[in-house]
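J.: Compute the structure for the input listed below.
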Amino acid sequence: IYDNYSDGVEFLIEAECSHKKPVILVSGDDAALAIDAQKIVLSSKYHVPYSSKYSLDYLMKKDVMNEMASKVGINVPKSVLLCKNEPNPLSFPLLLKPLVSVDGTKSDIKICNNQNELINYWENSKLNRVLATEFVEKDYEVCILCAKTNNNPTIIPGVVKKIRHMPLIYGARSYARILK
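T.: The predicted structure follows:
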């Protein structure tokens, strides 16, 4: 076990592997970024999850995710990159969250119902910019889990029905069930 991600990645680079190429499965965003930063070196010894077209730090940006979803016909709520001390162009309530998850914590995810709550958010936040989205009340979300390797077809091994705990008082809480 290592105290930081760079030491863990260095161990993987220096490690001797068996005759079979191991797969690296990453469970956290910080670890995923550390692996992605060394994906070229690591991919010679491991199967590493990465995109040949985009960097992971680019794909982790929520505004990029929204843009990609819109381009393929998925409805997404109106969203803007909102900086501290800038006017809000959207209608309340707003869902505020770090643009990239590693820039903040779950406690940085808040629903602001009015201008006073937005001002309070900025006064108590260490963030200088967030993704502001017009909040949509919904019964559940659907998460599509997928994978693609090289030129092979995309595999969708599962779909998850996610139910968010509302109201979001502190961070994000959810429950999920795998759909068949």
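J.: Please enumerate the strands of this structure.
T.: Per DSSP state E, the chain carries strands over the ranges 79-83, 94-97, 110-112, 129-134, 141-147, 155-164, 174-179.
J.: can you list the weak-confidence ranges in the chain?
T.: Counting by pLDDT under 70, the chain contains low-confidence ranges at 148-150, 164-180.
J.: now the farthest one out in it, which residue is it?
T.: His19 (33.8 Å; CA atoms, centre = their mean).
J.: For that residue, list the residues it contacts.
T.: By CB atoms under 8 Å, 6 or more residues apart in numbering, the contact set of His19 is empty. The way it works is simple: take the backbone N, C-alpha and C, and place the C-beta from them, glycine included.
J.: Distance check, it against Ile155.
T.: 25 Å (CB to CB, to the nearest Å).
J.: Would you quantify the distance from the spatially most central residue of the chain to Pro153?
T.: Centrality entry for the chain: nearest residue to the mean C-alpha point is Met60, 4.9 Å, by CA atoms, centre = their mean. Distance from Met60 to Pro153, counting by CB to CB: 25 Å.
J.: quick one on the thing from earlier: quick check: which of the strands of the chain is buried the most?
T.: strand 94-97 (a mean of 22; mean count of other CB atoms under 10 Å).
J.: ranges for the helices of this protein?
T.: 5-14, 29-37, 39-42, 56-59, 62-71, 115-124 (DSSP state H).
J.: Can you pull the phi/psi pair for the residue farthest from the centre of the chain?
T.: For His19, the backbone dihedrals are phi -70, psi -20 (criterion: degrees, to the nearest 10).
J.: what number of residues lie near Ser125?
T.: 16 (other CB atoms under 10 Å).
J.: residue contacts, it?
T.: By CB under 8 Å, 6+ apart, the contact set of Ser125 is Lys84, Asp108.
J.: change it to 10 Å
T.: Lys84, Leu96, Pro98, Gly104, Ser107, Asp108, Lys110 (CB atoms under 10 Å, 6 or more residues apart in numbering).
J.: Any quick ChimeraX command for the buried ones out of the residues you listed?
T.: Buried members of the contacts of Ser125, defined by 16 or more other CB atoms under 10 Å, are picked up in ChimeraX with:
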select :96,98,104,108,110
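J.: any idea which of the contacts of Ser125 is closest to Trp122?
T.: Nearest to Trp122, judged by CB to CB, of those is Lys84 at 5.0 Å.
J.: Quick check: that closest one touching Tyr121?
T.: Yes - using CB atoms under 10 Å, Lys84 is in contact with Tyr121, at 9.4 Å.
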